[in-house]
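Student: Sequence plus the predicted model coming up.
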Amino acid sequence: MPQLDFADFAPQIVWLIITFALLYAVLARLVLPRIAEVLEERQDRIADDLEQAESLRKEAQAALEAYEAALNEARSDAHITAQVAHAKLAEEAAAQNEELEAKINAQASEAEARINEMRVQARDEIRKLARTAARQVTARLIGLDPGDAATDAAIDRRLKEGV
Amino acid sequence: MTVAHAAGSPLEQFKITRLVEMEVGGLDVSFTNSAVWMVVVIVAISVSLLFAMRKGSMVPGRGQSVAELSYEFVANMVRDNVGSAGRAYFPFIFSLFMFILFANILGLIPYAFTVTSHIIVTFAMAITVFLGVTVIGLIKHRMRFFTLFLPKGIPMVIAPFLVIIELFSYLARPITLSLRLFANMMAGHTLLKVFGGFVVALGFLGIGPFVFIIALYGLELMVAFLQAYVFAILTCLYLNDALHLHH
């Protein structure tokens, strides 16, 4: 077994010490600080980015809140405007209604007055016709003209009796 | 490499050959094939990591992701097992993990040499961890460090036995730690080589062991990672014992 050749021990140990010391020096001085630096830099960068993302998120949140507030305000404004418009419209409609009613009433009363007038007129006409007819019938029957006043009185009397 | 060699002794791949003979003050410091692969390992780690991190982009590419992943893998391992006190030892544990991982994986390349298949290398790493951890514990806790061998709430009657058992298991740590890695690497490579020999020897029928080798190779890749992970996590646990003393 070549591993147990004691004469080979010394050169192996010596070169192991030399090479390992060199490796340790290179790694401890150059390589490991370099890797640690890169890792730390990345860690910092990630932390920074996360921080930035957090602040951006907050900003976005604030913007959203502002937007919602504005939206709510606009909504209530619109509501008020709508109410005002509604009230105004209702008022106008009521006024128009009233006006129309007044007009209709006026027309109705006018029409009523006319109807009354016409009724009176018709009654007078009927009375006149009745008087004429009564005078003519009387004249034919008894050959005597009773005259307007007497006929009227007779008609009135008959009307009062409710014939 | 000749067929004769490929079908040769499965242990031949572990042979140390001196490429440049050197000696300093009577100590043999020859540049061997093992040293070549140690250099390859540390160059591969350094170059690949530095290349992967050259841009250091915010959004990592493939290479950078792997580099960052390996960093975070070991960093989490240290944080979970040692806590914040282990931060100072993170570069060492990261180096250890990467060294073993690359040595194991690069050793799987055909004709490559596996640095961690030698007990002396794994033992050197284990004993360094063991001594380092013990010294750290002694400096931090002084004499209280030895309460590590006496778990709380133990009756005084069995305490002496327990202290002996705990002491032995503590002293066995560098041995178990180094043997586990070494044995896994050596066994895997030997097995690969044995079946490789079968493929050559059986000629056309070699397709059978060849298919087996492919499956075994996948398993060995997993073992390569797993053993590096086990070595690193045990180092973390030992360090945690020394730093916090809770058992």
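Tutor: Cool, got the structure. Numbers count the residues shown, from 1 in each chain, chains lettered A, B, ... in the order given.
Student: how close does the most centrally placed residue in chain B get to residue B:210?
Tutor: Nearest residue to the geometric centre of chain B (Cα atoms, centre = their mean): residue B:100, 3.9 Å. To residue B:210, residue B:100 is 29 Å away according to Cβ to Cβ, to the nearest Å. All C-beta spots, glycine's among them, are computed from the backbone N, C-alpha and C.
Student: With residue A:148 instead?
Tutor: On the measure of Cβ to Cβ, residue A:148 and residue B:210 end up 160 Å apart.
Student: Specify the local secondary structure of the residue nearest the centre of chain A.
Tutor: Centroid check for chain A by Cα atoms, centre = their mean gives residue A:79 as the closest residue, at 6.1 Å. Three-state call for residue A:79 (DSSP: H, G, I helix; E, B strand; the rest coil): helix.
Student: picking up where we left off before, was I right about the residue nearest to the centre of chain B contacting residue B:231?
Tutor: Yes. Judged on Cβ atoms under 8 Å, residue B:100 makes contact with residue B:231 at a distance of 5.4 Å.
Student: anything in contact with each of these two?
Tutor: With contacts defined as Cβ atoms under 8 Å, 6 or more residues apart in numbering or on different chains, the residues shared by residue B:100 and residue B:231 are B:125, B:181.
Student: about what we covered before: next up, the contacts around the residue nearest to the centre of chain A.
Tutor: Residue A:79 touches nothing, counting by Cβ under 8 Å, 6+ apart.
Student: Just the buried residues of stretch B:50-67, please?
Tutor: Buried positions in stretch B:50-67, judged by neighbour count with 16 or more other Cβ atoms under 10 Å in any protein chain shown: B:52-53, B:56, B:60, B:64, B:67.
Student: which parts of stretch B:126-143 are buried?
Tutor: B:126, B:128-130, B:132-134, B:136-137, B:141.
Student: Among those residues, which are located in helices?
Tutor: Among the buried residues of stretch B:126-143, the members falling in helices (DSSP state H) are B:126, B:128-130, B:132-134, B:136-137, B:141.
Student: ok, now which ones touch the closest residue to residue B:236 other than its chain neighbours?
Tutor: Leaving aside its chain neighbours, residue B:236 sits nearest to residue B:81 (3.9 Å; criterion: Cβ to Cβ, 6 or more residues apart in numbering or on different chains). By Cβ under 8 Å, 6+ apart, the residues touching residue B:81 are B:233, B:236-237, B:239-240.
Student: Just among these, which is most surrounded?
Tutor: residue B:239 (24 neighbours; other Cβ atoms under 10 Å in any protein chain shown).
Student: Can you give me the distance of it to residue B:100?
Tutor: As defined by Cβ to Cβ, residue B:239 lies at a distance of 16 Å from residue B:100.
Student: same deal with residue B:236?
Tutor: Residue B:236 is 14 Å from residue B:100, by Cβ to Cβ.
Student: Residue B:127 too?
Tutor: Between residue B:127 and residue B:100 the computed distance is 15 Å (Cβ to Cβ).
Student: buried residues in the helix or strand where residue B:234 lies?
Tutor: Element membership of residue B:234, judged by DSSP states H and E, is helix B:207-244. For helix B:207-244, a neighbour-count test (16+ other Cβ under 10 Å) marks B:209, B:213, B:216, B:220, B:223-224, B:227-236, B:238-244 as buried.
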